[in-house]
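[1] build me a model:
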Amino acid sequence: MWGLVRKETYQMLRDPSSVGIGIALPLLLLFLFTYAISLDVRNIKLGVVCEDNSPIVNRLLASFQNNKYFMVHVARDRREVQDDLVGGRLNGVLVIPADFASRIERRSLSPLQLLVRGSDVSTAALVQNYVRGVLRHWLIQEGLNAGQRNSGEIVRIESRVWFNQEIESRAALLPGSIAVIMTLIGTLLTALVVAREWERGTMEALLATPITRMDIVLSKFVPYFILGMLAMGLVAAVSTLGLGVPLRGSLWVLIMVSATFLCSALGLGLLISSVTRNQFVASQVALIVGYLPALILSGLVFEIDSMPRLIQYLTCVMPPRYFVSALRTLFLAGNVWQVILPNTVVLLGFAAFFLTVTIQKTKMNLE
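    Numbering: from 1, shown residues only. Predicted coordinates for the structure are as follows:
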C-alpha cells in the first residue's frame with residue numbers, strides 16, 4: 001500500500017495543475033472572503049441639496065462630510081443630482097429645504113427629504129439608517145433633543161425609495177442572477193467542449209477535414225449561444241411573470257445586452273478550453289475566473305464601493321460587473337442609457353477580445 005501512496009504522491013507532484021489548485025485556490029478564496037466580501041457598506045455616495053445656506057445647515061452638512069461612511073456631493077438644486085441618482089452615481093440624496101433653519105429656530109417640525117436608490121437593497125437600507133444616525137448625533141451636538149425622547153419631533157426624515165419601493169431583496173437579486181446563470185452556461189460549459197475533443201481524440205478527425213479555425217470556434221459557439229439565450233429568456237419570464245419582478249426597460253434592449261455578455265462569456269470559456277486541452281483543469285480555471293467573479297465581484301451580493309481599492313480595480317476586468325449593473329437598471333429603472341450604453345460597449349469590447357484571442361489560440365495541428 002505504501003508503494004502506491006508514494007507513487008500517487010510523485011504523480012501528484014509532477015502534475016502542476018493539482019498542486020496549483022490545491023494551494024492557489026484556497027489562498028485565492030481566503031483572499032476574496034477576507035477583502036472582497038464585506039457586509040459593512042462604506043463610501044456611500046450621498047448627494048446633499050442645500051437650499052438653505054445658513055450656519056446651522058452648514059454645520060449639518062459638515063457632520064455628513066466628516067463621517068467616514070459618506071462621500072458627500074453638495075448641490076444647490078435638486079436637478080443637479082437627479083440624473084446622478086438615476087444613473088447610479090449616487091446612492092441617495094438628502095434635501096435640506098430653504099426654510100429648515102427658520103423652522104429649527106421656532107422649534108417647529110423641520111422635514112428633510114431623503115431619496116434612496118433601491119436597486120441595491122442592502123445599501124438602500126443602510127443609507128437610511130446611517131443618515132438617521134448622523135442626524136441624531138448632530139441634534140445632540142446642537143442641543144436640539146434635550147428633554148425629548150424622540151428627536152423626530154424636531155427633525156423628521158421623509159424617505160422615498162426609487163426603483164424598489166418595498167426594498168425587496170428579490171427585486172434586486174433576481175435580475176442579477178441572470179448574470180450568474182449565463183456565466184455557468186457561457187463559461188463553465190464551453191470550457192469543456194474543446195478540451196473534450198482533445199481528450200477523446202476526436203480533434204484529430206476534425207483536423208483532417210478542410211475546416212478553418214473560425215469553423216471550429218463557431219461550431220462550438222452557436223449551440224451554447226442559443227442555449228444561453230433560452231436560459232436568459234426563461235429566467236426573465238419566471239422573474240417577471242411568476243415572481244413579480246418588474247421589467248421597466250425594453251425587452252429588445254435586454255436581449256441585446258444579454259447577447260453581448262453571453263458572447264464574452266462564451267469567448268472566455270472557449271479560450272480556456274483551447275489553451276488547457278484538459279477538462280479537469282479547464283473546469284477549475286473556469287470556476288476561478290468565471291463563476292466566482294460573477295458571484296462575488298460583480299456587485300450582485302456585495303457592494304463594490306465597499307471593497308478595498310485593489311479589489312475594486314480588479315472588478316473592472318470582470319464582465320459580470322457591467323452586466324449586473326445593466327440588468328438591474330433595465331429591470332428596476334428602465335432604459336437609462338447613461339448606464340446601459342457604457343456597460344454594453346465594455347461588454348462588446350470583452351466579447352471581441354476573447355473571441356479574437358480564442359481564434360488565434362485554436363491550434364490546427366497535434367503539437
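
[2] and residue 129, how many neighbours?
    10 (other Cβ atoms under 10 Å). Yep, even glycine has a C-beta here, placed from its N, CA and C like the rest.

[3] now swap in residue 231 and tell me
    Residue 231 has 18 neighbours, counted by other Cβ under 10 Å.

[4] how about the one 10 residues further on?
    As a burial measure, residue 241 scores 10 neighbours (other Cβ under 10 Å).

[5] quick check: it is in a helix.
    Yes: counting by DSSP: H, G, I helix; E, B strand; the rest coil, residue 241 falls inside a helix.

[6] pLDDT at it, what is it?
    Looking at residue 241, its pLDDT reads 89.

[7] measure it to residue 234 for me?
    Residue 241 is 11 Å from residue 234, where distance means Cβ to Cβ, to the nearest Å.

[8] residue 220 too?
    22 Å.

[9] who has more neighbours, those two?
    More neighbours surround residue 220 than the other of residue 220 and residue 234, with 21 against 12 (other Cβ under 10 Å).

[10] wait, a helix at the more buried one?
    Yes: assessed with three-state DSSP, residue 220 lies in a helix.

[11] list the buried ones in the strand or helix carrying residue 345?
    Per DSSP states H and E, residue 345 falls inside helix 337-361. Going by neighbour count (16 or more other Cβ atoms under 10 Å), the buried part of helix 337-361 is 339-340, 343-344, 346-347, 350-351, 354-355, 357-359, 361.

[12] ranges for the strands of the chain?
    In the chain, the strands defined using DSSP state E lie at 44-50, 70-75, 92-96, 110-117, 155-162.

[13] these: which one's closest to residue 182?
    Among those, strand 110-117 comes nearest to residue 182, with 24.6 Å by Cβ to Cβ.

[14] how is this structure divided into domains?
    As assigned by automatic domain parsing, the chain contains the domains 44-162, 168-361.

[15] and those, which is most packed in?
    domain 168-361 (a mean of 19; mean count of other Cβ atoms under 10 Å).

[16] straight-line length of that domain, end to end?
    Using Cα to Cα, to the nearest Å, the end-to-end distance of domain 168-361 comes to 45 Å.

[17] swap in stretch 327-346?
    With Cα to Cα as the measure, stretch 327-346 spans 14 Å from end to end.

[18] and what of stretch 92-107?
    27 Å.

[19] give me the contacts around that stretch.
    Stretch 92-107 is contacted by residues 44-52, 54-57, 60-61, 64, 78, 81-82, 85, 109-117, 124, 127-128, 131, 144, 154-155 when judged by Cβ atoms under 8 Å, 6 or more residues apart in numbering.

[20] so what's the gap between it and the chain middle?
    Centre-to-centre, stretch 92-107 and its host chain are 36 Å apart (Cα atoms, centre = their mean, to the nearest Å).

[21] quick one, phi psi at the spatially closest residue to residue 101 that is not a sequence neighbour?
    For residue 101, ignoring the flanking residues on the chain, the nearest one in space by Cβ to Cβ, 6 or more residues apart in numbering is residue 54 at 3.8 Å. Note on residue 54: backbone dihedrals following degrees, to the nearest 10 are phi -80, psi 160.

[22] pLDDT below threshold where in the protein?
    1-40, 145-153, 167, 201, 203-207, 364-367 (pLDDT under 70).

[23] closest to residue 198 out of the buried residues of helix 337-361?
    Nearest to residue 198 out of those is residue 361 (Cβ to Cβ; 13.0 Å).

[24] verify the stated contact: that closest one with residue 271.
    Yes: using Cβ atoms under 8 Å, residue 361 is in contact with residue 271, at 6.4 Å.

[25] and the helix holding residue 345, what does it pack onto?
    helix 213-237, helix 251-276, helix 319-328 (3 or more Cβ pairs under 8 Å, 6 or more residues apart in numbering; DSSP states H and E).

[26] distance to residue 160 for those helices - can I get that in CSV?
    Below are the helices and strands packed on helix 337-361 laid out as CSV (distance: least, Cβ to Cβ, whole Å):
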stretch, distance to residue 160
helix 213-237, 27
helix 251-276, 26
helix 319-328, 18
